[in-house]
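S.K.: next input, structure requested:
(chains A and B)
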Amino acid sequence: AQSVSQHNHHVILSEAASLELGCNYSYGGTVNLFWYVQYPGQHLQLLLKYFSGDPLVKGIKGFEAEFIKSKFSFNLRKPSVQWSDTAEYFCAVNARGGYNKLIFGAGTRLAVHP
Amino acid sequence: GAGVSQSPSNKVTEKGKDVELRCDPISGHTALYWYRQSLGQGLEFLIYFQGNSAPDKSGLPSDRFSAERTGGSVSTLTIQRTQQEDSAVYLCASSLRPDSIYGYTFGSGTRLTVV
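M.R.: Residues are numbered from 1 along each chain as shown, chains lettered A, B, ... in the order given. Sure, this is the predicted structure:
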């Protein structure tokens, strides 16, 4: 069964700082990878996803993530964060093909100070 | 509807009572999922429905938890004899198909508090 590990539980940054949130998954087969974001008081929203092709995926609001197959990683990055990026970020994976549920990491709480 | 709808948005219940949580998925979405989000923890998978296939119940934490999906649309999650550790936000999500390139669309959740 697949699992997802997010290394940072809490991250505090100042505006304009660069962001990288780690995500590693455990699964021997082909996977689909996702990052979801949950802003305070709001529901989960899809930030970006990787299915195939270019391993560098660009999402909304200037976020990007890179799939490194050899490292089983899908880290989320943003060159310059804003106060409005304060949220909780979840990495998720499901096995490619068939009827396979999405497994989430524990999440990373990001606080951006002005 | 335009999104996944969950009701009630908040539920406070006494320990030992039964509760029912409802999820209306996006019309036409064949896959429906229930997750539980506890304070300081990630999303815990509970159960998954896909079309007419038998549901994947592997995430249900105990036999007090059950769920059904009627007519391939609305789903109800039932928790019997609630315990304080059941307090959490229960999230429902749906997708067009299980391997959806669009990911899942989540509802706003039901915040359950067992007192």
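S.K.: residue 27: neighbour count?
M.R.: Using chain A here. Neighbours of residue A:27 under the rule other C-beta atoms under 10 Å in any protein chain shown: 17. From N, CA and C alone the C-beta is placed, and that goes for glycine too.
S.K.: you answered for a different chain; I wanted chain B.
M.R.: With other C-beta under 10 Å as criterion, residue B:27 counts 9.
S.K.: just checking, it is part of a helix?
M.R.: No. Counting by DSSP: H, G, I helix; E, B strand; the rest coil, one finds residue B:27 to be coil, located in no helix.
S.K.: so how far is residue A:24 from it?
M.R.: From residue B:27 across to residue A:24, the span is 36 Å (C-beta to C-beta, to the nearest Å).
S.K.: for residue A:114, same thing?
M.R.: Counting by C-beta to C-beta, the gap from residue A:114 to residue A:24 is 31 Å.
S.K.: so where is the chain shaky, pLDDT-wise?
M.R.: Just going to use chain A. A:97-99 (pLDDT under 70).
S.K.: um, chain B though
M.R.: Applying pLDDT under 70 to chain B picks out residues B:1, B:40, B:98-102.
S.K.: 80 - rerun?
M.R.: Scanning chain B for pLDDT under 80 picks out B:1-2, B:39-41, B:72, B:97-103.
S.K.: the strands in it, which residues?
M.R.: Ranges of strands in chain B, per DSSP state E, are B:5-7, B:10-13, B:19-24, B:31-37, B:43-50, B:65-69, B:75-79, B:88-95, B:105-106, B:110-114.
S.K.: just the CA trace of the fourth one, in PDB.
M.R.: Below are the C-alpha coordinates for strand B:31-37, written out as PDB (Å, rounded to 0.1, in the frame of the first residue of the first chain):
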ATOM      1  CA  ALA B  31     -16.400   8.100  -7.400                       C
ATOM      2  CA  LEU B  32     -17.200   9.300  -3.900                       C
ATOM      3  CA  TYR B  33     -14.800   9.300  -0.900                       C
ATOM      4  CA  TRP B  34     -15.100  10.000   2.800                       C
ATOM      5  CA  TYR B  35     -12.100  11.200   4.800                       C
ATOM      6  CA  ARG B  36     -11.600  12.300   8.400                       C
ATOM      7  CA  GLN B  37      -9.500  15.200   9.400                       C
END
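S.K.: contact residues of chain B facing chain A?
M.R.: Within chain B, the positions lying close to chain A (C-beta under 8 Å from any C-beta of the partner chain) are B:31, B:33, B:35, B:41-43, B:45, B:48, B:50, B:53, B:56, B:59, B:91, B:93, B:98-99, B:101-104, B:106-109.
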